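Undergrad: Let's see this in three dimensions:
(2 chains)
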There are 2 protein chains.
Amino acid sequence: MKGTAKAHTNIALIKYWGKRNDALILPTNSSLSLTLDGFYTKTTVEFRRDLSSDLFLLNDQAVSGQAYERVSRFLDLVRKLSGEENIYAEVNSRNEVPTAAGFASSASGFAALAAASTRAIGLELSDEELSILTRQGSGSACRSIYGGFVEWQMGEREDGLDSRAVQVAPEDYWDVRVAAVELSSTMKKVSSREGMKRTVDTSPFYSGWLEAIPNDLMQLKAAIKEKDFEKLGAIAEANCLKMHATTLGANPPFTYWHDTTVRVMHAIQEMRSKGIPVFFTIDAGPNVKALYLPEHEEVVKSMLENIPGVTSVTLSRTGKGISYL
Amino acid sequence: MKGTAKAHTNIALIKYWGKRNDALILPTNSSLSLTLDGFYTKTTVEFRRDLSSDLFLLNDQAVSGQAYERVSRFLDLVRKLSGEENIYAEVNSRNEVPTAAGFASSASGFAALAAASTRAIGLELSDEELSILTRQGSGSACRSIYGGFVEWQMGEREDGLDSRAVQVAPEDYWDVRVAAVELSSTMKKVSSREGMKRTVDTSPFYSGWLEAIPNDLMQLKAAIKEKDFEKLGAIAEANCLKMHATTLGANPPFTYWHDTTVRVMHAIQEMRSKGIPVFFTIDAGPNVKALYLPEHEEVVKSMLENIPGVTSVTLSRTGKGISYL
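TA: Predicted structure coming up:
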C-alpha cells in the first residue's frame, strides 16, 4: 500500500482570490495558471497497519502542528473515499520548491500528496476526480494536476463536484517562461488565507473583482489560443493589480507589497517601455514573478538581478502535470 | 479695481476622486480636508481698461500656455458674474507652496485668485458664493476658502449651485499637524485630472469607492467632533488607500506610488506599532503626508527624515481660510 508521485507548482495568471465555502475550499471565482517545471514536490505515501496515527516527514524532518493537521485531515478524505477508515500513513515529502523562489509549496505539496495517497490506498481516480479531491487540501493545488495552462473552473454546486481544474493547453504548446524574483526585505505578512477572508468580508472592491473575472478569463484564453504574448502579459498583470487593489479596501486595510515589490514592478514596466515584452504577476506576498519569452531570457534575468533589493532570480519553463514514480 | 488675497492649500483626509461634470467641476463624491498654515498663495488682481488681454505673473514670471488659459478662463467667469465683460486683468501671484513639499498649488492658487479677482471687480460674495465660484477653477480649491476642517459637499444640482465647501471646525479647534514628505525619485506621472478620469471611466472598483464615502465621511466627522486622533488617522489612511486602489483597476492600470512611497507608508505603520500615533495620506502623486499631534512632532520628523529616499520633511499646522490684504 505504497505510492509515489511528483507534482509541480503553478503560478496563477488569473488569481484565485476568495472562498465561497471554507470547508470544501470552493472559490468565488475561476482562475487560470501556468504549471512550472522548475518547482515540484515528490511525495511517497505508505499506509501501514502498524501505525496508530499518521506520520509526516518533510525533507526528512518530522512535521507537527498545523501543517501536520492539514495533511492528516486530507488523508481522512482519502481514507473515507476508499472505505479504509482505520489505517494510517507515513508520508515522506521532498520539496524542490526552494524557499528562495518565494512560491508557496502547498500547491505542489497537496497535488503530490493526493496522487501518492490515492495510489497507495488503491483508488483509481480520473484526473478530474483527483483535482476535485486535491482542491479540498489546498485550493490552488487542484490546478497542479495538469501541466501547461490550466483553468480552475469554480463550479456552481454546493457539494463542489463541479469545482475542478481542466487543461487549457498542454506544457509543450507554448514556451512561456517565468522568472521568480525573491526580495530581501522581511516583514510580517498577512497569510493568504486570512487576507483572502478579510478582503471577501470587508472590501468594497470585492464585487468589482468578481465582476472583472469573466472578461479577464475570456481574454486570457483568447491570448493563449492566439499565442499573443503581449495580450497574455497585459491581462495577467492587470488581473494581479486588481487582486492587490482589493486588499487596500479591506478593514483594516493591508498590502502584500514591500517597497522593493513596487521597485521591481516599475523596473519591469520600464523595461517594457524599451521594447522588451516582460510582464509581472504577484501572489499573496511581496515577491514578483516575471513572465517573458525564451528569446528575452538573458536580458530579463540580467535586468532583474540588477535591481537593488533582489536576492535571487530563479527561471522556470512550463511544467507537466502529476506523474507517478 | 484692485484686490489682494491670500489662501492656504489643503490636504484631503477624504479624497476628491472623480467628476460628474467636467466643465463645472462637479464631483462624484463629497470630500473633507484640513487647511494648512504652512503653504499659501498670495495674489493681487488689477482690472485695467488699458489691457487687451489678461496678464498672469507667477513669482514674477509671465506665464503662458495651459496654466495661463486656466486663469484667463476663470477670469471670464468673474467678468460674467460682474457684468464687466470687456475688461482685462493683471494677475500677480506668489506661491509659498514650495515645490519641495509636493503639494499642488492649484488649491491655494485658485482660492486666492477667486478672492482677489472678485474683490477687484467689485463683487461682494459670501464665502459660500466664493466657494462655488472657486470650485469652477479647481475642484479642491473650493475647500481653501475656509480654515480648519472643511467639507466639500458634492451637491446634487446640475448647475452646481449646491456643490461647495462648508467649515466643519475652525483652525483653532484642534491642533492636528501635517508633515509633507518629499521623495527623491522622479518618474513620469499620470496627472490627477487624467488619472481621475481614467479611473471613473474604466475601474471596476469605482462603484466600491463611491459606496464607501458616506461612512468614511460620517466616521471622520465623528472623529473631529470627539477629537479622537486615532480614529481620524485610521479613517484618513484607509480612505487614501481606497482611492489608490481604484487606479489599480483602471484600464490601463496605473499607480501613483513609487518604491519610496511604500517604504514611507510601512515606516509610518511600523512607528504606529511602537505606540506613536502617526498616519499617512497620499494624493495623486508619490509624496506622502503624515498626520500627527504636536507632542509627537520631534520624533515623527526625525523618523521621517531618516527614511532613505526622503529628501525633505516640511511641517505645517492647521491654517486659516481666505484673507484679504
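Undergrad: Near chain B, which residues of chain A are found?
TA: A:187, A:203-209, A:211-212, A:234, A:237-238, A:241-242, A:244-246, A:248-249, A:251-253, A:255, A:257-263, A:266 (Cβ under 8 Å from any Cβ of the partner chain). Just so you know, the C-beta spots here come from the backbone N, C-alpha and C atoms, and that holds for glycine as well.
Undergrad: Show me these that map onto strands.
TA: The strands, defined by DSSP state E, take in nothing from the residues of chain A next to chain B.
Undergrad: Out of the residues you listed, which end up buried?
TA: A:203-206, A:208-209, A:212, A:234, A:237-238, A:241-242, A:244-246, A:248-249, A:253, A:255, A:257-263, A:266 (16 or more other Cβ atoms under 10 Å in any protein chain shown).
Undergrad: quick one: low-confidence parts of chain A?
TA: Residue ranges of chain A with pLDDT under 70: A:98-103, A:185-188.
Undergrad: show me what contacts the closest residue to A:Met1 other than its chain neighbours?
TA: In space, and not counting its chain neighbours, A:Met1 is closest to A:Phe47: 4.1 Å by Cβ to Cβ, 6 or more residues apart in numbering or on different chains. By Cβ atoms under 8 Å, 6 or more residues apart in numbering or on different chains, the residues touching A:Phe47 are A:Met1, A:Lys2, A:Glu84, A:Ile87, A:Tyr88, A:Ala89, A:Ser117, A:Ala120, A:Ile121.
Undergrad: Please repeat the previous calculation with a cut-off of 7 Å.
TA: A:Met1, A:Ile87, A:Ala89, A:Ala120, A:Ile121 (Cβ atoms under 7 Å, 6 or more residues apart in numbering or on different chains).
Undergrad: got the contact list for the residue lying closest to A:Thr281 once chain neighbours are set aside?
TA: The shortest distance from A:Thr281 to any non-neighbouring residue, by Cβ to Cβ, 6+ apart, is to A:Cys240 (4.4 Å). Going by Cβ under 7 Å, 6+ apart, A:Cys240 touches A:Lys15, A:Thr281, A:Ile282.
Undergrad: domain parsing for chain A?
TA: A:2-173, A:177-316 (automatic domain parsing).
Undergrad: For A:Val45, give me phi and psi.
TA: phi -120, psi 130 (degrees, to the nearest 10).
Undergrad: Verify the stated contact: it with A:Ala89.
TA: Yes: look at A:Val45 against A:Ala89 with Cβ atoms under 7 Å: they come within range, at 5.2 Å.
Undergrad: Now the common contact residues for those two.
TA: What both A:Val45 and A:Ala89 touch, as defined by Cβ under 7 Å, 6+ apart, is the set A:Ser117.
Undergrad: Who does the helix or strand containing A:Leu291 pair with, and is each partner parallel or antiparallel?
TA: Using DSSP states H and E, A:Leu291 maps to strand A:288-292. Counting by DSSP bridges, the strands paired with strand A:288-292 are strand A:177-183 (antiparallel), strand A:279-281 (antiparallel).
Undergrad: which stretches of the stretch 51-200 of chain A form helices?
TA: With DSSP state H, counting those that start in this stretch, the ranges of helices along the stretch 51-200 of chain A come out as A:65-82, A:106-120, A:127-135, A:192-202.
Undergrad: follow-up on the earlier one: need the domains of chain A in TSV with distance to B:Tyr40, can you?
TA: Below are the domains of chain A laid out as TSV (distance: least, Cβ to Cβ, whole Å):
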stretch	distance to B:Tyr40
domain A:2-173	45
domain A:177-316	32
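Undergrad: and B:Glu69, which of these is closest to it?
TA: Closest to B:Glu69 of these is domain A:177-316 (Cβ to Cβ; 30.1 Å).
Undergrad: From one end of the closest one to the other, what's the distance?
TA: Criterion Cα to Cα, to the nearest Å; first-to-last residue distance in domain A:177-316 is 6 Å.
Undergrad: Phi and psi next, for the spatially most distant residue from the centre of chain A.
TA: Farthest-out residue of chain A from its mean C-alpha position, per Cα atoms, centre = their mean: A:Asp50, at 34.8 Å. Main-chain torsions, A:Asp50, degrees, to the nearest 10: phi -90, psi 0.
Undergrad: Repeat that for the one 10 residues further on.
TA: Dihedral angles phi and psi of A:Asp60 (degrees, to the nearest 10) take the values phi 70, psi 10.
Undergrad: Tally up the residues packed near it, please.
TA: A count of neighbours around A:Asp60, defined by other Cβ atoms under 10 Å in any protein chain shown, yields 8.
Undergrad: element containing A:Tyr40, please.
TA: A:Tyr40 belongs to strand A:31-48, assigned by DSSP H and E.
Undergrad: Sort out which residues of that strand are buried, please.
TA: Neighbour-count burial for strand A:31-48 [16+ other Cβ under 10 Å]: A:31-47.
Undergrad: tilt between it and strand A:288-292?
TA: 110 degrees (axes from the mean of the first three to the mean of the last three Cα atoms, to 10 degrees).
Undergrad: centre of the chain versus strand A:31-48, how much separation?
TA: How far strand A:31-48 lies from its chain's middle: 10 Å, per Cα atoms, centre = their mean, to the nearest Å.
Undergrad: And stretch A:121-131, by the same measure?
TA: Distance, centroid of stretch A:121-131 to centroid of chain: 20 Å (Cα atoms, centre = their mean).
Undergrad: Stretch A:203-218 too?
TA: For stretch A:203-218, the distance to the chain centre is 19 Å (Cα atoms, centre = their mean).
Undergrad: And the contacts of it?
TA: Contacts for stretch A:203-218 (Cβ under 7 Å, 6+ apart): A:14, A:17-18, A:28-30, A:32, A:199-200, A:235, A:239, A:242-243, A:245-246, A:249-250, B:204-205, B:207-208, B:211-212, B:245, B:249.
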